[in-house]
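1. Sharing a model that was predicted from the sequence below.
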2 protein chains.
Amino acid sequence: MSMKLMLIILDGMGDRPSEKLGGKTPLEAAQTPNMDFLAKIGISGIMDPIAPGIRAGSDTAHLSILGYDPYEVYTGRGPFEAAGEGLDLKHGDIAFRCNFSTVDEKMNVVDRRAGRIREGTHELAKALDGMEIDGVKVIFKESVEHRAVLVLRGDGLSPKISDADPHDLGPIHKVKALDDSEEAKRTAEIVNEFVKRSYEILKEHPVNLKRMEKGLMPANIVLPRGAGVVPRLESMEKRHNIRAGAIAGVSIVKGVCRLAGMEIIDVKGAKGSADSDFTAKIEAGMDYLKKGDMVLINMKAPDLFGHDGDPEGKKNIIEKIDASMEVLKDALDNTIIAITADHSTPCDVMDHSGDPVPLIIAGKGVRTDDIEVFGERAAAKGGIGRIKGGDLLNILMQLAGLSEKFGA
Amino acid sequence: MSMKLMLIILDGMGDRPSEKLGGKTPLEAAQTPNMDFLAKIGISGIMDPIAPGIRAGSDTAHLSILGYDPYEVYTGRGPFEAAGEGLDLKHGDIAFRCNFSTVDEKMNVVDRRAGRIREGTHELAKALDGMEIDGVKVIFKESVEHRAVLVLRGDGLSPKISDADPHDLGPIHKVKALDDSEEAKRTAEIVNEFVKRSYEILKEHPVNLKRMEKGLMPANIVLPRGAGVVPRLESMEKRHNIRAGAIAGVSIVKGVCRLAGMEIIDVKGAKGSADSDFTAKIEAGMDYLKKGDMVLINMKAPDLFGHDGDPEGKKNIIEKIDASMEVLKDALDNTIIAITADHSTPCDVMDHSGDPVPLIIAGKGVRTDDIEVFGERAAAKGGIGRIKGGDLLNILMQLAGLSEKFGA
């Protein structure tokens, strides 16, 4: 008889010992009675999201944890951002993350985020969406605040091109081919043309005229970056014969899951931020499992505190997330629960590191060990040992009785 | 902010429990306060230099530890010996390790080492260097004592050939192709011709006439072995954007590092033997890190005692090496230090075994564990768990803040 599968990913939760926390990591310092309970009744270990020492991104790590080889399918974050924004992508599309920015007449960026514009981006996006450049279809959609996604659909395109976004103030960058292929050269030209047209169209758009009247920065140009080609991912359903869903606040994780053929479950209050409604996400996950076989729940907040270099804040948010897990006890009868991170974001590094992440797996039939708390160094002594992210799904699937035998 | 990286490789240090040491390994029996200190403040683990159970050579293990796949790039030790002797090699060159030997008129080896000749080999080598055989250029250089290196440079060559050296007394071996390719057949013929010419040129060389006058064995033939093709290794600088150096007494390790594009740092008193000046090597390594990002220091001595089957001697030399590490404490502020071995050379085996090697990593940010001594069995309980040699550099690079993120 098969069980359900819940995979909770606390984004960037892994950390290093922090002086501010008396030599403990935020997870070790946090009071986490619910996760400790799962560690006690379950089994612990450490996991290299991609491979030992590799500094994983959230996108590449989620791909790996879902069983896809990021070295094979990942060329840039664009496709995952675009899929996360709900765009229906096709294998071969070239996708970009973009900013609405503000440039002066000499094409110098004066504000990369166009005054952190919040309103009117839908209208601005509509003015750009659907154009055609050199036979290539342009799909353009606004995202949160100053962010947007761009998709180029057509033949003979390549993701091997540089960013238009200078990532700083100053002249916008002319997009260049990063290899010698005709495809890269052509794609670079198309993006340069798109940038040029975005300025021509947006500079006198009513939304911007109104912003300027109010003394706000006009969102008068779009600057793409992070080009990637949309990969062909065999869906979870096809590969594993399971119905799988995902709950995540941030686009990039939603996008990975969506491209893996998972159902994206919208949860009110799931914002990908520190004031997300963690309980609502857990409850929505349990609810989804009434029909689905597996659900992935990503909680973005710990990563934010890691990037901010705030171990106290990270400890506190982990405690808050832990409190939302009280209800998980009700699921243990018929669910294999795994809690881990997609990567470490040590507060002392303020960026992703290549340190392994802690992992607990709990549920019926799990072998257990003598670890009774959830923490990086406790987990390193656990019964799972040290595994790779690419092995996790197989481990969980077989514990839930969802996988096929290989051989006789 | 990035740190420096020091990787100390105690050659062949790994061992098995020895009856002569009351069931301890030489490392476990040795008093090693400095390495114990690093174990205490750092994190321990065990490492399979290539993969579990594989009996690594020093060359293949160093390749693996530097991030190259030995199954892909290694065809024989020749290229690494030749590079270690300072020859500038090209991808595609076929290189050999050679002995100056003594044969009688019937081509029977009477002394494989030509009376362990020490003087005059430079003149002998000069008499052979630069010849051409069937359009192939011959590069030949003497090494330590009776040793030398041979390089064949030209098109249509293959390393798939047998040794001329019989590895014993008796008739010299006719070199044969080890596969059916034309290249292997041709290369075998060229080497046979080289061996023949070496005898013709050397048997009446003044150096040998003088030796015979003195009653010494003449170095009247050169017997190549260990053919390998020079691989194309992407340099450490290109691959990782770091400046890396190496300190080693033995050619084969110098050669691996040189082919990996590392700077070879000559240290007076670094001899690759038991009376090497270990302190000078450590200090030279620390000095190099003032400009470089990473330094690899190989200490050959433990391996020699392993091959000799001398656990007491191995224990003593490990203690001597440990004493040289006192100064490392000064480096801990800005350096990630790793100490490990390239392979195990158990005294009871008197050769390399496939046992994993112990590993400690210490420095700022390292997660630590509760291991407080350096030893094979203590390390097996450490927080690193069990890793592969091919993962080590990635782990160290990210701890030192020297690596790029993969993904977003």
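-> Noted; the coordinates are in hand. Numbering: from 1, shown residues only, chains lettered A, B, ... in the order given.
2. Burial check on the residue in chain A that chain B sits nearest to, number of neighbours?
-> Nearest residue of chain A to chain B: A:G57, at 2.2 Å (CB to the nearest CB). Backbone N, C-alpha and C define where each C-beta goes, glycine included. Number of residues near A:G57 (other CB atoms under 10 Å in any protein chain shown) recorded here: 22.
3. Does it touch A:H343 like I think?
-> Yes - the pair A:G57 / A:H343 is scored as a contact, 7.4 Å apart, by CB atoms under 8 Å.
4. quick one on the thing from earlier: just want the phi and psi numbers for the residue of chain A closest to chain B.
-> When read as degrees, to the nearest 10, the backbone of A:G57 gives phi -90, psi 170.
5. The one 3 residues further on now?
-> As for A:T60, its main-chain torsions (degrees, to the nearest 10) stand at phi -60, psi -40.
6. Give me the pLDDT value at it.
-> pLDDT recorded at A:T60 is 98.
7. Nearest spatial neighbour of the residue of chain A closest to chain B, chain-adjacent residues omitted?
-> B:G407 (2.2 Å; CB to CB, 6 or more residues apart in numbering or on different chains).
8. How about A:K137?
-> A:R153 (4.4 Å).
9. so who does the residue nearest to A:G57 touch?
-> A:A56, A:G57, A:S58, A:D59, A:T60, A:A61, A:P70, A:Y74, A:R77 (CB atoms under 8 Å, 6 or more residues apart in numbering or on different chains).
10. What separation do you get for the residue of chain A closest to chain B and A:V253?
-> According to CB to CB, to the nearest Å, A:G57 stands 11 Å off from A:V253.
11. How is chain A divided into domains?
-> Domain segmentation of chain A under automatic domain parsing yields A:4-74+A:233-399, A:81-229.
12. So which of the ones you listed has the densest surroundings on average?
-> Scoring the domains of chain A by mean neighbour count under mean count of other CB atoms under 10 Å in any protein chain shown gives domain A:4-74+A:233-399 as the most buried, with a mean of 22.
13. Which residues does the nearest residue to A:G14 once chain neighbours are set aside form beta bridges with?
-> Spatial nearest neighbour of A:G14, excluding adjacent residues (CB to CB, 6+ apart): A:S344 at 2.9 Å. As for beta bridges, A:S344 partners with A:M13, A:S353 under DSSP bridges.
14. how about the closest residue to A:A270 other than its chain neighbours, secondary structure?
-> Among residues not flanking A:A270 along the chain, A:G249 sits closest, at 4.7 Å (CB to CB, 6+ apart). With DSSP: H, G, I helix; E, B strand; the rest coil as the basis, A:G249 sits in coil.
15. who touches A:G249 in this structure?
-> Neighbour list for A:G249: A:A270, A:K271, A:G272, A:S273, A:S276, A:N298, A:M299, A:K300 [criterion: CB under 8 Å, 6+ apart].
16. and of the residues you listed, the nearest to B:I172?
-> Checking the contacts of A:G249 against B:I172 with CB to CB, the nearest one is A:N298 at 68.1 Å.
17. Go ahead and confirm the closest one touches A:V250.
-> Yes - shown here, A:N298 and A:V250 form a contact pair, counting by CB under 8 Å, at 7.2 Å.
18. Now do the shared contacts for the two.
-> A:D11.
19. returning to what we had before: distance check, the residue nearest to A:G14 against A:G306.
-> Relative to A:G306, and taking CB to CB, A:S344 is found at 8 Å.
20. Common neighbours of these two, please.
-> Joint contacts of A:S344 and A:G306 (CB under 8 Å, 6+ apart) are A:G12, A:D15.
21. Give me the pLDDT for A:A127.
-> The model reports A:A127 with a pLDDT of 98.
22. Leaving out sequence neighbours, find the closest residue to it.
-> Looking at A:A127 with CB to CB, 6+ apart, the closest residue is A:I201, at 5.3 Å.
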